[in-house]
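Next one to model:
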Amino acid sequence: MKKIAVIEDDVDLFDLLKYNLEREGYQFTGLQTGKGAVEFCRRERPDLVILDVTLPHCDGLDICKEMRGHPDLAAVPVIFLTARAAEADRILGLELGGNDYMVKPFSIRELLARIKVQFRAASTGGRLLSAGRLELDPTRFEVRLDGAPVSLTATEFRLLETLMRRPGMVFSREQLLDAAWGEGRAVTDRTIDVYILRLRQKIERDPASPEFILSVRGFGYRFRGDAAEPDST
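The predicted structure is shown next:
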């Protein structure tokens with residue numbers, strides 16, 4: 001049975017989530033304050049965390065950032081709940097390590113569907129991905145280039161993992177947006193171009209002539225990991 005931790009200070013919402021999660025067959029645990037949330041998660045070892053952004057005593061974004069620094073919590077999916085609907089807030093939450101972001105008020109059915117998506121993704125992950133000089137470990141959230149660690153944001157990591165799992169497949173910007181931000185996103189497709197540029201600057205010898213992340217003119221991007229190849233753009 002999967003265990004889900006809810007960290008939410010709204011009593012009515014906390015009780016509503018508890019009722020629906022238990023009805024779906026999940027084991028429920030929870031906290032109604034941000035104080036001690038990271039230690040609580042380390043003790044409870046949940047399979048997923050539903051985390052309010054605005055909490056008493058501690059900001060949910062800070063909690064998520066701290067979780068990502070603990071080896072035993074780094075890979076636990078986090079779904080943010082918040083009243084902050086601005087694009088900048090969504091991006092910040094995902095950059096700090098959140099896996100998904102839902103704006104209040106939200107549909108319980110949609111939340112349950114998104115939880116299943118996270119568990120499905122976790123069940124298919126785990127295998128070390130490698131392509132020549134580049135390695136990605138999805139269980140440890142680590143990327144290495146020529147054996148040296150590469151520092152990526154959570155969004156950059158998700159994009160790279162998506163591309164590396166299907167080498168040779170051409171992904172549209174829309175598909176990459178869904179992979180990195182989910183279907184409820186509030187960002188434009190050109191945002192992908194910015195993140196691809198950042199990724200190239202971190203993993204390519206020459207970002208202007210990439211060997212790994214290649215542009216497909218008029219469509220999107222593909223990952224080529226078997227040999228160096230100049231980009232066509």
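
what pLDDT does K2 get?
The model reports K2 with a pLDDT of 94.

Without its sequence neighbours, what residue ends up closest to the spatially most central residue of the chain?
With distances taken as Cα atoms, centre = their mean, the residue of the chain nearest its centroid is N99 (3.3 Å). If the residues on either side of it in the chain are set aside, N99 comes closest to P77, at 4.4 Å by Cβ to Cβ, 6 or more residues apart in numbering. Every C-beta, even on glycine, is put in place using the N, C-alpha and C of the backbone.

Also K104?
According to Cβ to Cβ, 6+ apart, the nearest residue to K104 is A83 (4.8 Å).

Check that neighbour and give its pLDDT.
A83 is given a pLDDT of 84.

Tell me how many other residues crowd it.
Applying other Cβ atoms under 10 Å, we find 11 residues neighbouring A83.

which residues touch whichever helix in the chain runs longest?
Of all the elements of type helix in the chain, the one with the most residues (DSSP state H) is helix 108-124. Around helix 108-124, the neighbours that count as contacts under Cβ atoms under 8 Å, 6 or more residues apart in numbering are 2, 4, 16-17, 20, 24, 26, 47-48, 50, 75, 77, 79, 99-100, 102, 182, 184.

now stretch 137-153
Under the criterion Cβ under 8 Å, 6+ apart, residues 68, 71, 74-75, 95, 125-129, 133-136, 154, 157, 160-161, 199, 202-203 lie in contact with stretch 137-153.

Can you name every helix or strand that the helix or strand bottoming out on mean pLDDT in the chain contacts?
Taking mean pLDDT, DSSP states H and E as the measure, helix 87-95 is the helix or strand of the chain with the lowest mean score, a mean of 74. If contacts are counted by 3 or more Cβ pairs under 8 Å, 6 or more residues apart in numbering; DSSP states H and E, helix 87-95 sits against helix 60-67, strand 78-82, strand 100-103, helix 154-165, helix 173-181.

Show me how far the longest helix of the chain is from its chain's centre.
Offset of helix 108-124 from its chain centre (Cα atoms, centre = their mean, to the nearest Å): 12 Å.

So what are the sheet partners of the very next helix or strand once past it and their directions?
Moving toward the C-terminus from helix 108-124, the next helix or strand (DSSP states H and E) is strand 129-131. According to DSSP bridges, strand 129-131 has the following sheet partners: strand 134-137 (antiparallel).

pLDDT of stretch 194-212, averaged?
For stretch 194-212, the mean per-residue pLDDT is 93.

Stretch 113-130 now?
Across stretch 113-130, the average pLDDT comes to 77.

ok, now stretch 170-187?
Stretch 170-187 shows an average pLDDT of 74 in the prediction.

try stretch 139-155
The average of the pLDDT scores along stretch 139-155 is 85.

for L197, what are its contacts?
Contacts here follow Cβ under 8 Å, 6+ apart; on that basis L197 touches P207.
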